[in-house]
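Student: predicted model, plus sequence, below.
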Amino acid sequence: MATLADVARRAGVSAATVSRIVNGSPKIVSEELRERVLRAVQELQYVPNAHAQLLARSHRTTVGVIVHDVSDPYFAEITRGLQRVAGEQGRLVIICNSYRDPERELEYVELLRAQQVEAIILAGSGYHDPAFTKALNAKLSAYMATGGRVSVVGRHKVAGDAVMPANEHGAYLIGREIFAAGHRHVGVVAAPKQLTTTTDRLAGLRRAAREYRRTLPARRIEYAEFDRDGGAAATAALLDAEPRLTAIAALNDSMAIGALAVLRERGLSVPGDVSVVGFDDMPIARDVTPALTTVRLPLVEIGARAIALALDPQHPNPRVEDAEATLVHRESLGPPRSS
């Protein structure tokens, strides 16, 4: 692999001159000299050492992003928005999958600090875990004390800027649709209890239930992993325990797709026998049969806003931006069969 010294010898100049030209120094050099160096760079296929550049300049060019699982469509969409803005601003993105393991998130914060990234973005749900939150805040505060910036997506109770998806309000909107359609026996396919996203979305459903003088008893709420298989397992458990269910509210679209699969396997029609609703409006939500009634969050925009906040050094105080939720009514929701 060619070195800077190799380029200097090929061009017949000093290593300092090559460094100035390759790294874009404002010091003026002749056009003939510049062409000789760039020609040598091309001939030798020289690639600057990113770590050496980092040591030589104060401007950092890498951003660290911690998500639960980038293969999850929710995080894939957010990451798409992050990478779009990063590309426009000449930043490299390092993506870390925590797989909903708090200890792994703490380790990633330390690793990203060691890489001297410009910003750290936490794009996964927060946890109901005071000890973890305290430890995370301590690590992020130490990182920000060295000039790093932090932004989060969702409710984390940590220092830094935040983009807040309207989880509670979105769930209220979908709950209102369910109860307005006449459903009384409603089951909820919920995500893990320790996630703040789960708490917020359940709170919205309960608010809608109170408004329509309905209840969501604990026996009709089944907690599972926040994915397709978790949704399928939770739906099977609900149907076994509550065969009178006429509607299932899944706390994300992946879980709702798992619910549709179980209902199909059991010979139950949607929405004729059981209505199903989701949350997030993943791209696949409109393509399943029947198309999924859900709540749309502007996930790509959320990712873009999160990194824009992190890369904006003009605001020393933490900022919070809200991301609105909108209802998307499709074919998977109808009146209860008793009607």
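Tutor: Perfect, I can see it now.
Student: residues in contact with the nearest residue to Leu297 once chain neighbours are set aside?
Tutor: Among residues not flanking Leu297 along the chain, Pro165 sits closest, at 5.1 Å (CB to CB, 6 or more residues apart in numbering). (C-beta placed from N, C-alpha, C; glycine too.) Listed by CB atoms under 8 Å, 6 or more residues apart in numbering, the contact partners of Pro165 are Val153, Gly154, Leu297, Ile302, Ala323, Ala325.
Student: then Pro192?
Tutor: Residues near Pro192 by CB under 8 Å, 6+ apart: Arg100, Thr198, Tyr223, Ala224, Glu225, Phe226.
Student: tell me which of those fall in helices.
Tutor: Among these, the members found in helices (DSSP state H) are Thr198.
Student: now flag whichever of the contacts of Pro192 is closest to Ile94.
Tutor: Nearest to Ile94, judged by CB to CB, of these is Arg100 at 19.1 Å.
Student: contacting residues around that closest one?
Tutor: Counting by CB under 8 Å, 6+ apart, the residues that Arg100 touches are His68, Asp69, Gly124, Pro192, Leu195, Phe226.
Student: let's see it at 7 Å
Tutor: His68 (CB atoms under 7 Å, 6 or more residues apart in numbering).
Student: number of residues surrounding Asp280?
Tutor: Asp280 has 26 neighbours, counted by other CB atoms under 10 Å.
Student: now the helices for the stretch 1-150 of the chain?
Tutor: Using DSSP state H, counting those that start in this stretch, the helices found in the stretch 1-150 of the chain span residues 4-11, 15-22, 31-44, 50-56, 73-88, 102-114, 130-145.
Student: ok so, going back, now, which of the contacts of Pro165 sits nearest Arg176?
Tutor: Distances from Arg176 to the contacts of Pro165, taken by CB to CB, are shortest for Ala325, at 12.3 Å.
Student: pretty sure that closest one is touching Ala171, no?
Tutor: No. Ala325 is beyond contact range of Ala171, at 8.3 Å (criterion: CB atoms under 7 Å).
Student: higher neighbour count, these two?
Tutor: With neighbours defined as other CB under 10 Å, Ala325 and Ala171 compare such that Ala171 has more, 27 against 24.
Student: wait, isn't that one in contact with Gly204?
Tutor: Yes. Contact criterion CB under 7 Å: Ala171 and Gly204 qualify, at 2.8 Å.
Student: on that earlier part again, next, format the helices of the stretch 1-150 of the chain as TSV and append mean pLDDT.
Tutor: Formatted as TSV, the helices of the stretch 1-150 of the chain follow (pLDDT from 0 to 100):
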stretch	mean pLDDT
helix 4-11	89
helix 15-22	83
helix 31-44	87
helix 50-56	50
helix 73-88	94
helix 102-114	92
helix 130-145	89
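Student: out of those, flag the one nearest Arg330.
Tutor: Closest among the helices of the stretch 1-150 of the chain, using CB to CB: helix 73-88, at 16.8 Å.
Student: helices or strands up against the closest one?
Tutor: strand 62-67, strand 92-97, helix 299-310 (3 or more CB pairs under 7 Å, 6 or more residues apart in numbering; DSSP states H and E).
Student: what angle sits between that helix and strand 92-97?
Tutor: 160 degrees (axes from the mean of the first three to the mean of the last three CA atoms, to 10 degrees).
Student: quick one: helix 73-88 to chain centroid distance?
Tutor: Going by CA atoms, centre = their mean, to the nearest Å, the spacing between the C-alpha centre of helix 73-88 and its chain's C-alpha centre is 8 Å.
Student: now stretch 234-250
Tutor: 28 Å.
Student: start and end of that stretch, how far apart?
Tutor: 9 Å (CA to CA, to the nearest Å).
Student: show me what counts as buried in it.
Tutor: Judged by neighbour count using 16 or more other CB atoms under 10 Å, the buried positions of stretch 234-250 are Ala234, Thr235, Ala236, Ala237, Leu238, Leu239, Leu245, Thr246, Ala247, Ile248, Ala249, Ala250.
Student: which of these fall within helices?
Tutor: Short answer: the buried residues of stretch 234-250 in helices (DSSP H) are Ala234, Thr235, Ala236, Ala237, Leu238, Leu239.
Student: got any ranges where the chain has weak pLDDT?
Tutor: 23-26, 48-60, 338-339 (pLDDT under 70).
Student: hmm, back to that, of the contacts of Pro192 - the most surrounded one?
Tutor: Busiest of the contacts of Pro192 [other CB under 10 Å] is Phe226, holding 26 neighbours.
Student: just to revisit the earlier point, can you name the two of the contacts of Pro165 that sit furthest apart?
Tutor: Once CB to CB is applied, the contacts of Pro165 give Val153 and Ala325 as the farthest pair, at 13.8 Å.
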